[in-house]
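Student: the amino acid sequence is not available; the structure is as follows:
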């Protein structure tokens, strides 16, 4: 499997790589790469695919909710807050802590 692409977040790439590694022996390298991309695009980008492609990845399950997932979700929430003109949660916490000192 090729390295991380510029458009992949580290979390997305690590998940895609994990799916590839889990299925490459069973499917062969080229098919595992293709289906790992289908899986990642389906879960992260909400892409649609023909039923046959979705059936092939149906048993793979959703992305794992591990520490990397939690960090990515925090980044997204902070980014959304900034775009909405609000302070990120991490800055709000620092501000509250300074007020109590």
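Tutor: Nice, I can see it. Everything numeric in this text was worked out from a predicted model, so none of it was measured. Residues are numbered from 1 along each chain as shown.
Student: the spatially most central residue of the chain: which element?
Tutor: Geometric centre of the chain, nearest residue: residue 12, 3.4 Å, by C-alpha atoms, centre = their mean. Using DSSP states H and E, residue 12 sits in helix 10-27.
Student: burial count for the closest residue to residue 42 other than its chain neighbours?
Tutor: Leaving aside its chain neighbours, residue 42 sits nearest to residue 49 (6.4 Å; criterion: C-beta to C-beta, 6 or more residues apart in numbering). Placement of C-beta: from N, CA and C, glycine included. Counted with other C-beta atoms under 10 Å, residues neighbouring residue 49 total 14.
Student: just checking, residue 49 touches residue 39?
Tutor: No: between residue 49 and residue 39 there is no contact under C-beta atoms under 8 Å: 9.7 Å.
Student: show the average pLDDT along the helix holding residue 12.
Tutor: In this model, helix 10-27 has an average pLDDT of 92.
Student: what distance separates that helix from the centre of its chain?
Tutor: Distance of helix 10-27 from its chain centroid, counting by C-alpha atoms, centre = their mean, to the nearest Å, is 12 Å.
Student: what does it contact?
Tutor: For helix 10-27, the surrounding residues in contact (C-beta atoms under 8 Å, 6 or more residues apart in numbering) are 1, 4-5, 8, 32-33, 35-37, 39-40, 43-44, 60, 63-64, 68-69, 71-72.
Student: quick one: contacts for the residue nearest to residue 42?
Tutor: Residue 49 sits in contact with 38, 41, 42, where contact means C-beta under 8 Å, 6+ apart.
Student: distance of the second one relative to residue 80?
Tutor: Separation of residue 41 from residue 80 (C-beta to C-beta, to the nearest Å): 22 Å.
Student: and for residue 7?
Tutor: From residue 7 over to residue 80 (counting by C-beta to C-beta), the distance is 19 Å.
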